[in-house]
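J.: The following comprises the amino acid sequence and a computationally predicted model.
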Amino acid sequence: MTEPATKKKRVARVVLSPGQHSIDRATPVPIDGGFRLQWRIMLHDGRTLHMKTQAPTRADVRARARSKANELLQTSGTSSWSLRSPVAEYMAAITKPAIESERLAEATRARYWLSYRLLLGECGSDEKGHRHRHALKGLSIEAAMRPRALKECLEEIGRLHGAKNVKHAKLVASKYLARPLKLDGLLQYNPLADLDLDLSRSRKPPVQRGGHALTREEYHKAIEWLLTQDPKAVEKPKRGRWTLDDRIVERRSLLEFVLTQAATGMRTSEIGKRPVSEVEVDDNGNVVFALSGEATKTRKARRVPVLDDRVARLLVERIEGLPEGAYLFGAPTDPMKEWLPRNRDRKLAGVYEELAEACGIEMFRVERGHSWRTTINSILADVVPEDQRIRLLGHTREINRSHYTDAREVEALKAAASQALTSS
């Protein structure tokens, strides 16, 4: 009777501590052309990696494995982050500075900041029922970078803020979050690279603006109304930290902001971010905005004159009353700080509602800052060469023709174009 074969006894696996590897205990296995070594290493953050190394000889394979182990330990040692770290803390420490330091157009940077906040569920909306239930905030890096979590977060952004914001949020998450995580050794691949999203339930965009012009009569009527408003005609706050003087400053800023839009055709974001140092005034009282490439949507520098002398005089007075280093239209209570776009734009919308009511221009209930760009482009069409209008407004030739020339007012605008924009 033959004896039963005994099972080969498995060697007990040694428990590793952070910074240790199993290279010296592992046995190289012969393969075609050399040897292969399978080994483990525990990084400083507690993660264990299973590695394979090949080389021509036993000595070479161990030496090559040790070199790789040292490289892994040095790389992991430069980062204090682990998969258990809160992703919001990682984004504040890594993602945010990366966006700040990269050379971006101001409009692009603003979009990326919004995307950053949306990923964390910090949009600031007070709309009823508006809640980010799948935001990354509150999750660990490991949980946040799971494809399912990213998919739910981005699709929710689409439902609450529209598909366009999903595109920007996905870019920010990929470039400024997933890529650094790979560099820190916390991700093996970018989970956003081939992530499929269902955007069929995304929020529909608001009514498209930017293609309708005022008639010449409407243009002058709106300008006159804005110029004749008294900033002091505001009610004293009944409660809150704002004083009556604060309200007056805010009202003046809003009126002069809209007048600046009307007299230059500049974008809201371009005006809102301008420091006084980028506004030039010559000996004749002419006011010119000197926009750098980084300050414009098209990334092309341009100089924009204020076309109405009355508005230019108001801006000169404004500049003279501001401290050095201030924004032209900074926060009402502190001109050294940027006026938060969400607060500013909500207040500007109120002024346009007033314009619509007072001047009987219903278009202002939908069309706002872009209507001035369209109007200036259209009224000047026959008296200013297209290349010059493109330099003034900052468009490409195709966009200039397709978005900023209103066919509905062609006859009226042609009649108006024979005179200067601000003539009586």
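T.: Great, that's in hand.
J.: List the contacts of R40.
T.: R40 makes contact with L16, H21, S22, T48, L49, H50, M51, according to Cβ atoms under 8 Å, 6 or more residues apart in numbering. Just so you know, the C-beta spots here come from the backbone N, C-alpha and C atoms, and that holds for glycine as well.
J.: Show me which of the residues you listed are buried.
T.: Neighbour-count burial (16 or more other Cβ atoms under 10 Å) applied to the contacts of R40 gives H21, S22, L49, M51.
J.: Which residue, other than its chain neighbours, is closest to the first one?
T.: Take H21 and drop its neighbours on the chain: the residue closest to it by Cβ to Cβ, 6 or more residues apart in numbering is I41, 4.1 Å away.
J.: which residues does that neighbour contact?
T.: L16, Q20, H21, S22, T48, L49, M51, A69, L72, L73.
J.: do the same with P28
T.: Taking Cβ under 8 Å, 6+ apart, we find P28 in contact with F35, R36, L37, R58, V61, R62.
J.: ok, the last one - how many residues close by?
T.: Other residues lying near R62 total 19 when counted by other Cβ atoms under 10 Å.
J.: remind me which residues of the stretch 251-400 of the chain are low pLDDT?
T.: Residue ranges of the stretch 251-400 of the chain with pLDDT under 70: 297-298, 379-400.
J.: what about the helices in it?
T.: Ranges of helices within the stretch 251-400 of the chain are 268-272, 309-320, 341-359, 369-379, 386-393, 397-403, based on DSSP state H, counting those that start in this stretch.
J.: P147 is nearest to which of the ones you listed?
T.: For the helices of the stretch 251-400 of the chain, the distance to P147 is smallest for helix 341-359, at 31.3 Å, taking Cβ to Cβ.
J.: Closest one of the contacts of R40 to T228?
T.: Proximity to T228 was ranked across the contacts of R40 by Cβ to Cβ; first place goes to L49, at 72.9 Å.
J.: The closest one looks like it's in a helix, true?
T.: No: under DSSP: H, G, I helix; E, B strand; the rest coil, L49 sits outside any helix and is assigned strand.
J.: If it is in a bridge, with which residues?
T.: With DSSP bridges as the criterion, L49 is bridged to I41.
J.: residues in contact with it?
T.: Taking Cβ under 8 Å, 6+ apart, we find L49 in contact with R40, I41, M42, L43, L72.
J.: Now do the same contact list for the third one.
T.: Taking Cβ under 8 Å, 6+ apart as the criterion, M42 is in contact with L16, S17, P18, G19, Q20, H21, T48, L49.
J.: ok so, going back, with pLDDT and distance to A326 as extra columns, can I get the buried ones among the contacts of R40 in JSON lines?
T.: Output for those, formatted as JSON lines (pLDDT from 0 to 100; distance: Cβ to Cβ, whole Å):
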{"residue": "H21", "pLDDT": "92", "distance to A326": "59"}
{"residue": "S22", "pLDDT": "93", "distance to A326": "63"}
{"residue": "L49", "pLDDT": "86", "distance to A326": "54"}
{"residue": "M51", "pLDDT": "90", "distance to A326": "58"}
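J.: From the residues you listed, pick the one nearest A169.
T.: Using Cβ to Cβ, L49 is the member of the buried ones among the contacts of R40 that lies nearest A169, at 31.2 Å.
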